[in-house]
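# What shape does this take:
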Amino acid sequence: MEALRQFFPYYGSKWRAAKLYEQPRFGCVLEPFAGAAGYSLHFPDRKIILNDLDPVIANLWRYLVAVSESEILALPTKINHVDEHILPQEAKHLIGFWLNKGAATPNKSPSAWVRSGIRPNSSWGEAVKNRIASQLEYIRHWRVFNESYEKMLDQNGTWFIDPPYQNWGKRYRFKNLDFKKLSDWIMTRKGQVIVCEQEGAEWLPFMKLGKVKSSGIRDTHSSEMVFYDF
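Take a look at the predicted model:
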């Protein structure tokens, strides 16, 4: 099955970089720090288990898994401020992420870049709504949790672990990680392990993955690192 497009843009998303990582060797993909689930979107027909400590992210995914296509298509297109509309909070958050490309929290009103109209199909509008609605059927089987990563049930699968980076994760709402504790937890996972980081991190024996374009509006690239264990 072909990869799905992003349901919402998010800071640090791995959607562009996903093809650089090893493909899943198991029928189950688990993302303990799910964010926008950029890796899982490339393998949507697998058993997908998403987890995120941020309730905004977890509840948004739960909303997307359950919402009807018609409800997405009925969402307002022209947005000055999301609170001007009577909508579920998760719908406001969905729209909000599209109002400021590559942010770690949803906006309430369009950013200057969105207002410029430079790339209309990359911000909230009819094209984005139609794309989201057309993809919902492929994620109905996904499961979503909102808890700390260490509470996830250990099981054979492909663990795609993309935590807030040690030196670059300050934008996230939940970012205070004990990397020694995280590394110990990672080394006990069953199955295939893929861990993401950026150049300079030393809490695992990372190796270079390559240069990856940022998920924001600026044309910047990051030096991504990876740790594999199987």
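
# State the mean pLDDT of the longest helix anywhere in the chain.
Longest helix of the chain, by residue count under DSSP state H: helix 55-66. The average pLDDT within helix 55-66 is 98.

# Which secondary structure elements does it sit against?
Helices and strands touching helix 55-66, by 3 or more C-beta pairs under 8 Å, 6 or more residues apart in numbering; DSSP states H and E, are strand 47-51, helix 89-98, strand 143-145. Any C-beta I mention is one placed from the backbone N, CA and C, and that applies to glycine too.

# The ones you listed: which one's closest to residue 63?
Residue 63 sits nearest to helix 89-98 of all the helices and strands packed on helix 55-66, at 3.6 Å, using C-beta to C-beta.

# and the angle from the closest one to helix 55-66?
Computed with axes from the mean of the first three to the mean of the last three C-alpha atoms, to 10 degrees, the direction of helix 89-98 lies at 110 degrees from that of helix 55-66.

# And helix 89-98, what's buried?
90-98 (16 or more other C-beta atoms under 10 Å).

# Low-confidence stretches in the protein?
168-174, 213-221 (pLDDT under 70).

# same thing but 50
For the chain, the stretches flagged by pLDDT under 50 are 217.

# Next one: residue 49 relative to residue 159, how far apart?
Distance check for residue 49 against residue 159: by C-beta to C-beta, to the nearest Å, it reads 10 Å.

# Ramachandran coordinates for the residue nearest the centre of the chain?
Closest residue to the average C-alpha location of the chain: residue 36 at 1.5 Å, with C-alpha atoms, centre = their mean. With angles defined as degrees, to the nearest 10, residue 36 sits at phi -90, psi 10.
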